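Undergrad: coordinates only, sequence not included:
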């Protein structure tokens, strides 16, 4: 059952491939054949840039794929009642999370897929209206996920955490060392402000 992604051929939906091709075509289109005026051309690209639809659709698709991945993994390798976490059977760890890890997901992604899979349909439909990253969505389900203030907080907090996890301490130190005095002062003010606000949480 392991390494499904590597050993089985994958056929993507035609609709998905067509959507990717359509976005690529937008980048390659011959502007001169469609717009005579540079001003009209500028307005067109400005509208594309400000339109959230493509980004929202991509985020919704990402969330939905995580949900289905978590659901299907649960069907392929269910965690049987009474199975001790960490126990092995025929060389495999039990449960859907282990199946996803065997197929290239890290533990955070695998746990996120399973948490999103368990969100009730009505709550998931609400989540799709203002989609966030899957790991953020999964974290929000652990507490008051329906609260818009909580969701906004998690969006920004998880974004900051994700950035810090992707960058080494050396990279951040090097970045700060290249900043001018004004930028460093601004950064210190932001950090102090964050620390002050977090201290109010008790």
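TA: Sure thing, it's come through. Bear in mind the structure is a predicted one, so any value in this text is a computation, not a measurement.
Undergrad: Give me the most central residue, this structure.
TA: residue 133 (2.8 Å; CA atoms, centre = their mean).
Undergrad: Please list the outside residues in contact with whichever helix in the chain runs longest.
TA: If you go by DSSP state H, the chain has its longest helix at helix 53-76. The contact list for helix 53-76 (CB atoms under 8 Å, 6 or more residues apart in numbering) reads 1, 23, 96-97, 99-100, 109-110, 112-119, 124, 127-128, 131-134, 137-138. Where you see a C-beta, it was placed from the backbone N, CA and C, and this is true even at glycine.
Undergrad: Mean confidence (pLDDT) on stretch 62-74, please.
TA: The pLDDT scores in stretch 62-74 average 94.
Undergrad: repeat for stretch 17-36
TA: For stretch 17-36, the mean pLDDT works out to 82.
Undergrad: So what touches that stretch?
TA: Contacts of stretch 17-36 (CB under 8 Å, 6+ apart): 41, 44, 48, 54.
Undergrad: how close does the last one sit to residue 132?
TA: It refers to residue 54. 16 Å (CB to CB, to the nearest Å).
Undergrad: Equivalent analysis for the second one, please.
TA: From residue 44 over to residue 132 the distance is 29 Å, taken as CB to CB.
Undergrad: So between the two, which is more surrounded?
TA: Ranked by neighbour count (other CB atoms under 10 Å), residue 44 and residue 132 place residue 132 first, with 20 against 14.
Undergrad: where are the low-confidence patches of this structure?
TA: Scanning the chain with the threshold set as pLDDT under 70 gives 1-8, 32, 81-93, 140-147, 150-151, 201-202.
Undergrad: And the helices in it, which stretches?
TA: Here the chain has its helices, by DSSP H, at 4-7, 14-28, 31-34, 38-50, 53-76, 96-102, 107-117, 121-129, 134-141, 148-166, 169-178, 181-199.
Undergrad: To what extent is residue 58 buried, counted in neighbours?
TA: When neighbours are defined as other CB under 10 Å, residue 58 has 13 of them.
Undergrad: what do you get for residue 78?
TA: 13.
Undergrad: Could I get the phi/psi values of it?
TA: Backbone torsions of residue 78, given as degrees, to the nearest 10, read phi -70, psi 150.
Undergrad: My read is that it contacts residue 96, right?
TA: Yes - between residue 78 and residue 96 there is a contact at 7.0 Å, judged by CB atoms under 8 Å.
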